[in-house]
Structure formats: C-alpha cells, structure tokens
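Engineer: Need a 3D model of the sequence below.
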Amino acid sequence: MARILVVDDNRANREALASLLEAAGHRVVKAADGAEALALARETSPQLVITDVLMPRMDGYQLARRLREGPDAPAPGLIFYTAYFGERDARELAAAHGVRRVLVKPADNEVILQAVNEVLAEQPSIPEPRADLDREHLRVLVDQLLEKTSALEAEQRKIQRLNRTLSTLSAVNALIVRVQDRASLLEEACRIAVETGGFGYAAVGLIDREKGTLETVAAAGEGGAPFPESHFPESHFPFPAKFDVCNDLEEAPGGPERTAALEQGLRSRVVLPLLEAGAPAGALLLYARTPGFFDEDELRLLRELAGDISFALNHLAQKERMDYLAYHDSLTGLPNRLLFADRLGQALNAVRRAKRRAAVVYLDIQRFRLVNDTLGRKAGDELLREVGARLRAAVRDQDTVARVGSDHFAVVLAGFGEREEAALLVEGLVDAFKHPIAIEGAELRVTMRVGAAVFPEDGTSAEALWANAEAAMKRARGTGQRMLFYAPDMNDRVAELLAMENRLRLALETGKLTLHYQPKVDVRTRQMAGLEALIRWNDPELGVVPPSRFVALMEETGMILTAGRWALSQAVQDIRRWQAQGLRVPRTAVNVSALQLRQSDFVDSVLQAIAGFGGAPLLDLEITESVLVDDIDESTRKLQILRRAGVEVSVDDFGTGYSSLNYLARLPVDTLKIDRSFVASMREAGYPRNIVAMIVSLAHTLGLKVIAEGVEEDAQMELLRELGCDQIQGYLVSRPLPADKIEPLLRAHMPE
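Structural biologist: Sure, this is the predicted structure:
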C-alpha cells in the first residue's frame, strides 16, 4: 500500500479523508496547509498527495509547483479535492501543475478510492513548463475565491433567515405559556411571524365544521385573501390536512389569493396543517417576499412551529372543556350548583332594583333509582337528559335551569309581579311531564316533587331561598304532595338538630369520636401507597351516625375547628405508634374543612401537630377544590408554608367543584382525587370516562399524582390503570377501618 499525504485546512475534512484511506490500507501523513505539506513531502516522499486548493499560507497550485522544484524534488501523483472549482480553465491550470484528478467535495468514498487507485497505477509525469502559469494561477484563484465568497454569503443569508425562524419559534413558545385564550394566541403568533420571522404575511385559518369552510381567524402583514373561498365537506379537508409549498408564485397556477399576494410583492408561500387531538383543525399560512424561501431546513423549523401551535390549540380546547365542566353538568349540559348560585345572585340583584319578585324551585324525580335498577344506568342518563330538556323548554329566557344533584334539578324564576304568578310558573314546570318519556322502547311517566320559595316573602338572600325551597320539596316528598311552597313550620326539625348538636358536642369533649383509616393502593404494584383518616361517631343512643349527618353539623356550629385539631393530633399519634412497632407507614391524609382553612392559626395548628414526628412528616391534607379557590391568594400562602414543612396537599372530589385551570396551576398541590361519581359511571363510554382521562392527563401534565375514589369493582380498577391513574381508594381495596384493624394490613404490605 502507498504512503499518501493529505492536505486540508479543515480538520474535519482532513481527518475524514485520512480515516478512509487508512481503512483501505494506506499509510497517511496529514498537513494543515501547503507550507506544512511541502516540508512533510521532503521528509516522507509520499507517492500521492491529495490536497485542498484554497488554503492559508500556500494554496494547492503553489504546493503543486513547489513539489517539483529542485533536482531531487519528489514527483508524487497529485489529486485536488476541493469544494470550489471552476470548469475548463481551472481544470486546465490544474493539469498544467501536474494534477492528475480533480474531485469536488463532497465525493462518495468509492469515487475517492477509485481516483486514488488510478493515480497510483499511472506513471508519474512532469508537465511542460509554462510562462503564464503565475498569471493564470492568479486569475483562476480569484475566480475560486469569488465563488467561495458567494457561497459563504448565501450560507450566511440562510443562517440569518433560519435564526429569524428560530427566534419566531422561541417567541411563539413563550407566548403559548403566557396566553390563555385562543384568539389572542393566534393573533399574537401571526404578528410574531411577521415582525420577528420576517415573513411578508401570516394567517391562521380554523375549520368551521358547520359551514364546511376554512375561516381566517387571525392575520398580520400585507397580502391578499389568505385562503380560497372554497367549501370543504364535513368528512374531508384536504387543504389543511397536508403541507402545501409553493416556492415560485409567478410560475404557479392559482386563484385570487395568488394574484393578491403577487401584487403585494410576495413570491413564495407555505400552508402548514394545524391539528387538534390528532384531527385537522385548520392551517397556518406564511408568505415570503423571495422565491425559493421554503427549503427543507426552513420547513423543518416551520413544521415544529405548526406542531407547537397545534399543541396550544389542543391544550386550550381541553382548558375550555374543563372550564365548561366546572360550571356545567357534563350529562345534561345544564348549569351546575355553582353557576346556579351565581345566576340566582344576579336575579335577586335585578329584582331588588326593579321591585319585583323571584322564586327558587327545587325538583326531585320520584323513584329515579328504580329506573337505573330496572333499565340500567344508560336509560337513567337518558331520562335525566330528557328531564333537563323539558325543563328548559318550559321556562322563559330570563330563567335558569340547573342540575344540582344526581336526580335533583333547580330553577330560578326571575322577574314576576305578584306571588300568585309564581304558582302559575311552577305549575308550568310540573305540566312539562304530563306526557310520558320514551326511553329504550319503554314509556316512563315521570313524577316530580316540587318545592318553591319566593323572594322576598320566603327569604331575602340566595342562601335562605335555596334552603327554604329544598325544605319545601322535602315536605312535598314526605307528604306525597306534588308541589308545595315554603312555610315557616317546615323547620320543625330544628329541635332535632339541636339535640344532635348537644350529643355531638359531648362526644367531642369526652373523646367519643374515633378515626378510621381507608387504604390507598398503587394501581401498578398493588401495594399500599397511603391512608385517609376519616372521623367516625358511634353514639350510645343514636348508634353509628353517618358522617353525612354530623360533619355538616360540625361545620355549621364551628365544632369542626376542635374536631379538626383533634383529627390531626390523633393521626400523628397513630402513625408514631405504628412506627414504634416497626411498621412502615405510608403517608396519611386528613381532611380539612373550609372553616379550618380560613382560620388565622390554621398553619400553626398543622405545624404543631406534625412537630410530633421529629423528622420528615408523613401527614397530608385533603381539601376540596371549592374551598381552595374561595380565597386563592390566602390559601396559596398558607399551603406553601406547609409544603415547605413537608406536608403534601390533595385536591378532593376534583371535577365536581369550581376551580379553573388557572387556579389549579397556581395552587401548591401534589395530588388530584377524582370524585367517586365519575368512577361509578366510567365503565360506559362517554363523558364520565372522558372526564377521568382528561383529569389524569391534566394532572400528569402539571406533575401531579391522581387518586380515584369509590373504586368498587375490578373492571373499574383496570380501566383506571389503562388511563394512567396512579392510586385507587374504595371498597374494592378496603372499607375504612379502626386503627387497630389497619395494623395487620400494614404488616402485610411490609417488604420481604
């Protein structure tokens, strides 16, 4: 094999060529310029020299001549390997210098090795001397330098253009994080594309599926009609579904939008599809003032830009859906309890100013559970949707219909004159169900129990009217009457509630309340991942009192403050006792009420409780989302202090309350707990399962864990596992158990 001298001022080129030749079995000597190469040639006598042309200190032509100077000068074969080389004149000058082959960078390995083998096999020859070599050398070299300069300038322009596009991409990404509504996002993105990216015109069109068209919703810059006036069928949108690049509008066919663009000096354009949940949502249109603007490097960045905008559109659609669900019932589309309360407050303000009346109507579907039990939950859901639709059809435009419970609806009747008018309006609601409802081939006659309270006679506040309408409905249900208006004697149960309050207060003072613990299990490992502490009350006379009866009473009377401090302290004591037995105890959550969180000493009470751990606390707090957003700034401040102390925070009953994504992103929380109402109905495809999937996706996007409550069946757990839920809690795992009954479960989950 031959000794070959490789000469190139670019180290990467030099090393790559040397590696190729060495792999072919040749011995290689390397030089960084002509001067160094000349010295090495005198020293090593190579059989072949492969050299670049444009190099500092000594170029390739000078090296070729110097290699043949002197009586003892070696006469190796010569190959030029260069990126900038003219045609006939340059090749003739190379031949006059004894160059046997000229290869243009980049060349295939096979081409390089073939040229090397051919030159090595040829007899060395010395070219005839020419007097004009210096002049010709200078002229050709200048041509090659100009060629290189032009190429570098073009490359520089391309780099500047790509840098502008990268700046656009960066600015749009920052915009996506900052902007929370679609219109502002798209308008600002178009402006950035024009001002930062240097595009002549930018527009975004979104598909209007009802019209079957692509409608321009945002634009910036100069240009004509951005999208054709074509209509697209519902099932097929070819225009935004694929990339459409035109790098020379003058040579391309087109309609009025092409003519308008050319009149504005725009010469090339690209249309990039925008997707939402994997389906076509619209298109991003960009015009440039120069032809040939959209090369592959540019398109690679623009595809990324379109992908980022698509991600933002999908995120905003999910946010809009979650915000909608925060104020509406997912099954019927009616306002939920939160929105109903807001509408009621607005109605009362209006009738106060107008000196008119309003009414709250509470409606209960009789024997609704029987429909679920006999016809199935799907039929029950269809019945609820039909009830909601009939109520909406029966009210006036200024009235509000809401679903406020599983089978409960409420109506605000706003702005009527005499109290007697309320009876006529309520009678209209009842008459809406005089005809049967057809569900899955069966005709169901729906009976409603209705209670109503009128402003201002039956209450002057939204809370009073709501409570009195509910009391009237319960009296109607208890007496079998179809409709009742509120009367003061409906509060006969006050004495009963006072008696229970006294018993509860005594139980709290004498230590008769207990804590039960319900395990949480990791969906993937099936190992215990946590506990929830729940207050239980077993009264000597009343027996086991359901939490639904006494917890609300504790909140109404303020006893929840004492009970809450006791629950925190008792949970810490139980955890420390289990640890003393050598048990590995998971994190344990204690529920916190709205009244507790509002107290000025709330943080101190929690810190005092966890001081008993001595080290890292194993205590978590569970707080409903409506409580957190009641005073979000103060809640955030308090919870941040506790998180720094090692206390984690879970949002309980998520999906049924009031928080928006904006609030959720601000709150210092660690876990979302999916409400049991969604889990109970998620086996059926549709809203409940989609809501669970959205909550899991949202939580993981925000770096939060997800726990599903009320899991009672293996099928539910499998669905939750497929959707990516982290933990489950419910009767499938265990009922809430006293502290001494939890100890065997802790031992069973000890590591081997």
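
Engineer: Counting by contacts, list what the helix or strand containing residue 307 packs against.
Structural biologist: Residue 307 belongs to helix 296-327 when elements are defined using DSSP states H and E. Where contact means 3 or more Cβ pairs under 8 Å, 6 or more residues apart in numbering; DSSP states H and E, helix 296-327 is packed against helix 133-178, helix 182-195, strand 268-276, strand 279-288, helix 337-354, helix 661-666, helix 687-701. Every residue, glycine included, has its C-beta placed from N, CA and C.

Engineer: Might one say that residue 631 is in contact with residue 602?
Structural biologist: No - in this structure, residue 631 is not within contact of residue 602 by Cβ atoms under 8 Å, at 11.9 Å.

Engineer: ok, of the helices and strands packed on helix 296-327, where does mean pLDDT dip lowest?
Structural biologist: If the helices and strands packed on helix 296-327 are sorted by mean pLDDT, helix 133-178 sits at the bottom with a mean of 61.

Engineer: quick one: which of residue 631 and residue 602 has more around it?
Structural biologist: Between residue 631 and residue 602, counted using other Cβ atoms under 10 Å, residue 602 has the larger neighbour count: 23 against 14.

Engineer: tell me the pLDDT at the more buried one?
Structural biologist: Model confidence at residue 602, expressed as pLDDT, equals 90.

Engineer: Equivalent analysis for the one 3 residues further on, please.
Structural biologist: pLDDT recorded at residue 605 is 90.

Engineer: Checking it next. Helix, strand or coil?
Structural biologist: helix (DSSP: H, G, I helix; E, B strand; the rest coil).

Engineer: Could you check which helix or strand contains the closest residue to it other than its chain neighbours?
Structural biologist: Leaving out its chain neighbours, the residue that sits closest to residue 605 by Cβ to Cβ, 6 or more residues apart in numbering is residue 565, at 5.4 Å. Secondary structure assigned from DSSP H and E places residue 565 in helix 559-580.

Engineer: contacts for that helix?
Structural biologist: Under the criterion Cβ atoms under 8 Å, 6 or more residues apart in numbering, residues 504-505, 508, 513, 515, 517, 533, 535, 551, 553-554, 585, 588, 590-593, 595-596, 599, 605-606, 609-610, 612-613, 618-619, 739, 742-743, 746 lie in contact with helix 559-580.

Engineer: go on, stretch 721-728?
Structural biologist: Under the contact criterion Cβ under 8 Å, 6+ apart, stretch 721-728 has outside partners 520-524, 529-530, 674, 689, 692-693, 696-697, 700, 705-708, 711, 716-717, 720.

Engineer: what about residue 348, distance to residue 26?
Structural biologist: According to Cβ to Cβ, to the nearest Å, residue 348 stands 95 Å off from residue 26.

Engineer: Now do the SS call for residue 622.
Structural biologist: strand.

Engineer: so what's it up against?
Structural biologist: 532, 589, 590, 591, 592, 649, 650, 651, 652, 673.

Engineer: Is it correct that residue 464 falls within a helix?
Structural biologist: Yes - if the criterion is three-state DSSP, then residue 464 is within a helix.

Engineer: can you list the weak-confidence ranges in the stretch 201-350 of the chain?
Structural biologist: Judged against pLDDT under 70, the low-scoring parts of the stretch 201-350 of the chain cover residues 222-242.

Engineer: Next, count neighbours for the residue nearest to residue 605.
Structural biologist: The burial count for residue 565: 18, using other Cβ under 10 Å.

Engineer: ok, back up a step: ok, of the contacts of helix 559-580, which come out buried?
Structural biologist: Neighbour counting with 16 or more other Cβ atoms under 10 Å marks 504, 508, 513, 515, 517, 533, 535, 551, 553-554, 585, 588, 590-593, 595-596, 606, 609-610, 618-619, 739, 742-743, 746 as buried within the contacts of helix 559-580.

Engineer: Strands - which of those land there?
Structural biologist: 513, 515, 517, 533, 535, 588, 590, 591, 619 (DSSP state E).

Engineer: hang on, the first one packs against residue 537?
Structural biologist: Yes - under the criterion of Cβ under 8 Å, residue 513 is in contact with residue 537, at a separation of 5.6 Å.

Engineer: list residues touching both of these two?
Structural biologist: residue 507.

Engineer: ok, back up a step: which of the ones in strands among the buried ones among the contacts of helix 559-580 lies at the shortest distance from residue 386?
Structural biologist: residue 591 (36.7 Å; Cβ to Cβ).

Engineer: So that closest one versus residue 401, what's the distance?
Structural biologist: From residue 591 to residue 401 the distance is 32 Å (Cβ to Cβ).

Engineer: chain center to stretch 398-411: distance?
Structural biologist: Distance, stretch centre to chain centre, for stretch 398-411: 32 Å (Cα atoms, centre = their mean, to the nearest Å).

Engineer: related to what we said a few turns ago, can you tell which of the helices and strands packed on helix 296-327 is closest to residue 302?
Structural biologist: strand 268-276 (5.9 Å).

Engineer: Okay, now the sheet partners of the closest one, with direction.
Structural biologist: strand 244-246 (antiparallel), strand 279-288 (antiparallel) (DSSP bridges).

Engineer: Those strands: which one's closest to residue 639?
Structural biologist: strand 279-288 (37.0 Å).

Engineer: what about the residue nearest in space to the middle of the chain, distance to residue 698?
Structural biologist: Geometric centre of the chain, nearest residue: residue 315, 4.9 Å, by Cα atoms, centre = their mean. To residue 698, residue 315 is 10 Å away according to Cβ to Cβ.

Engineer: can you give me the mean pLDDT across stretch 455-465?
Structural biologist: 91.

Engineer: Use 3 as the first number from now on
Structural biologist: Sure, I'll start counting at 3 from here, so that last one is stretch 457-467.

Engineer: residues of that stretch that come out buried?
Structural biologist: Buried residues in stretch 457-467, defined by neighbour count with 16+ other Cβ under 10 Å: 457, 460, 461, 464, 466, 467.

Engineer: ok, those residues vs residue 441, which is closest?
Structural biologist: Nearest to residue 441 among those, counting by Cβ to Cβ, is residue 467 at 32.7 Å.

Engineer: Tell me which residues touch that closest one, please.
Structural biologist: Residue 467 neighbours (Cβ under 8 Å, 6+ apart): 346, 350, 360, 361, 362, 455, 457, 460, 461.

Engineer: Quickly check the residues you listed for the two that are furthest apart.
Structural biologist: Farthest pair in those (Cβ to Cβ) is 346 and 460. Separation: 13.4 Å.

Engineer: and the residue lying closest to residue 562 once chain neighbours are set aside, what is it in contact with?
Structural biologist: Closest residue to residue 562 apart from its sequence neighbours, by Cβ to Cβ, 6+ apart: residue 556 at 4.2 Å. Counting by Cβ under 8 Å, 6+ apart, residue 556 makes contact with 506, 562, 565.

Engineer: swap in residue 741?
Structural biologist: The contact partners of residue 741, by Cβ under 8 Å, 6+ apart, come to 517, 518, 519, 576, 579.

Engineer: okay if I get these as TSV plus distance to residue 297 and pLDDT?
Structural biologist: Below are these laid out as TSV (distance: Cβ to Cβ, whole Å; pLDDT from 0 to 100):
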residue	distance to residue 297	pLDDT
517	69	94
518	68	95
519	65	94
576	68	92
579	71	91
